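**Q** Task: produce atomic coordinates for the following.
(one chain, ligands or ions: 1)
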Amino acid sequence: MIKLALIQIKVHKDKNINLKRAEMGIKEAAKNGAEIICLPEMFNCPYDNNYFVKFAETYPNGDTIKMLAKAASENNVFIIGGSIPERYQDKLYNTCFIFNQKGEMSGRYRKIHLFDVDLKGMRFYESDTLSPGSDITIVDTGKIKLGIAICYDMRFPELMSLYAKKGVQMMVIPAAFNTITGPAHWEVLLRARAIDNQVFVAAISPARDETASYVAYGDSMVVGPWGNIITKAGIDEEIIYADIDLSIEEEIRKRIPLLKNRRM
Ligand SMILES: O=C(O)CCC(=O)C(=O)O
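**A** All right, here's what the predicted structure looks like:
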């Protein structure tokens with residue numbers, strides 16, 4: 001059994017408040033026995049192109065990056081650090097930093113599929129300020145192999161299949177769906193990707209803030225490899241926990257051997 005915690009927090013316009021809230025959440029989750037702790041997409045910065053440039057940080061000296069490394073070692077936990085705007089050379093990325101229990105960076109994932117959409121009533125072009133990443137990121141905690149994707153990435157099944165083919169046992173997806181696509185697609189996509197690939201899927205959203213320029217959906221959840229919802233948050237701030245039992249995944253893969261039966 002591996003104890004997982006998803007920290008669904010509100011994102012404020014003040015970065016320091018976001019860091020304090022995340023730090024407190026990590027401490028609480030660790031005290032409750034969580035071994036792997038996950039934060040939401042853009043947890044340190046409003047999900048808004050106007051803020052990405054101002055809030056961006058560079059590894060290893062950014063405040064958020066230092067806080068995550070310290071929190072991982074102080075609490076002896078593995079942290080999937082949601083995502084933050086990262087400055088690298090002359091570009092900005094939507095990046096997830098991952099730290100092991102010693103506070104060492106054990107992976108970094110830059111969102112591959114940027115959210116460039118024009119929905120009725122909402123236009124969002126991440127590519128106005130951000131550049132796409134190009135590499136998948138797999139981290140081994142010693143107990144479980146995790147694949148990282150960010151939000152819109154979950155709409156691209158071939159990315160998730162690539163992770164499954166490479167032996168990933170759980171997808172961790174920091175995300176921030178909204179109140180238009182959330183009710184329509186969030187749960188269906190997460191359950192579908194879990195069933196497609198017979199993996200656990202953990203998706204972590206910010207809590208809903210109706211006053212924000214982009215209203216995140218909430219409803220963070222952990223889905224099992226059978227497509228069942230193991231645990232689910234509401235729309236407010238909350239930490240949810242799940243016990244991950246990899247023998248269930250093994251059993252499901254034995255019963256329906258998709259990886260073996262696959263012909264393309
Ligand atoms: O795909 C969606 O509906 C939402 C995606 C999104 O908000 C994101 O990629 O940050």
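**Q** Next up, phi/psi of the residue lying closest to Glu35 once chain neighbours are set aside, please.
**A** Spatial nearest neighbour of Glu35, excluding adjacent residues (CB to CB, 6 or more residues apart in numbering): Lys3 at 5.2 Å. For glycine as for every other residue, the C-beta is placed from the backbone atoms N, C-alpha and C. Lys3 adopts backbone torsions of phi -90, psi 130, taken as degrees, to the nearest 10.
**Q** quick one: contacts for Lys3?
**A** Gly33, Ala34, Glu35, Ile36, Tyr241, Ala242, Asp243, Ile244 (CB atoms under 8 Å, 6 or more residues apart in numbering).
**Q** Where does the fifth one sit: helix, strand or coil?
**A** To tie it back to what came earlier, the one meant is Tyr241. strand (DSSP: H, G, I helix; E, B strand; the rest coil).
**Q** That one: neighbouring residues, count only.
**A** Using other CB atoms under 10 Å, the number of residues around Tyr241 comes to 15.
**Q** got the contact list for it?
**A** Contacts of Tyr241 (CB under 8 Å, 6+ apart): Lys3, Leu4, Ala5, Leu6, Ala29, Asn32, Ala34, Thr231.
**Q** Out of the residues you listed, which is nearest to the ligand?
**A** The ligand lies nearest to Leu6 out of these, by CB to the nearest ligand atom, at 16.5 Å.
**Q** Please save the CA atoms from the helix or strand harbouring the closest one in CSV.
**A** Using DSSP states H and E, Leu6 sits in strand 2-8. Coordinates of each C-alpha in strand 2-8 appear next as CSV, following Å, rounded to 0.1, in the frame of the first residue of the first chain:
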residue,chain,number,x,y,z
ILE,A,2,1.2,3.5,-0.9
LYS,A,3,-0.5,6.4,0.7
LEU,A,4,-1.2,9.3,-1.6
ALA,A,5,-2.4,12.8,-0.8
LEU,A,6,-3.9,15.4,-3.2
ILE,A,7,-3.9,18.9,-2.0
GLN,A,8,-6.7,21.0,-3.5
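**Q** That one pairs with which strands, and in what direction?
**A** Strand 2-8 has its sheet partners listed here by DSSP bridges as strand 36-38 (parallel), strand 238-244 (antiparallel).
**Q** For Phe124, name its beta-bridge partners.
**A** Val117.
**Q** which residues in the stretch 151-264 of the chain form helices?
**A** Along the stretch 151-264 of the chain, the stretches classed as helices by DSSP state H, counting those that start in this stretch are 157-165, 181, 187-197, 246-255, 258-261.
**Q** sorry, back to before: so can I have JSON lines of the strands paired with strand 2-8 showing mean pLDDT?
**A** Shown next, in JSON lines, are those (pLDDT from 0 to 100):
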{"stretch": "strand 36-38", "mean pLDDT": "98"}
{"stretch": "strand 238-244", "mean pLDDT": "98"}
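**Q** Show me which residues of the stretch 151-264 of the chain are close to the ligand?
**A** Within the stretch 151-264 of the chain, the positions adjacent to the ligand are Cys151, Tyr152, Arg155, Ala176, Phe177, Asn178, Thr181, His185 by CB under 6 Å from any ligand atom.
**Q** need those residues in a markdown table with pLDDT and neighbour count, can you?
**A** Putting those into a markdown table (pLDDT from 0 to 100; neighbours: other CB atoms under 10 Å) gives the following:
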| residue | pLDDT | neighbour count |
| --- | --- | --- |
| Cys151 | 98 | 25 |
| Tyr152 | 98 | 23 |
| Arg155 | 98 | 15 |
| Ala176 | 98 | 26 |
| Phe177 | 98 | 26 |
| Asn178 | 96 | 21 |
| Thr181 | 96 | 17 |
| His185 | 98 | 15 |
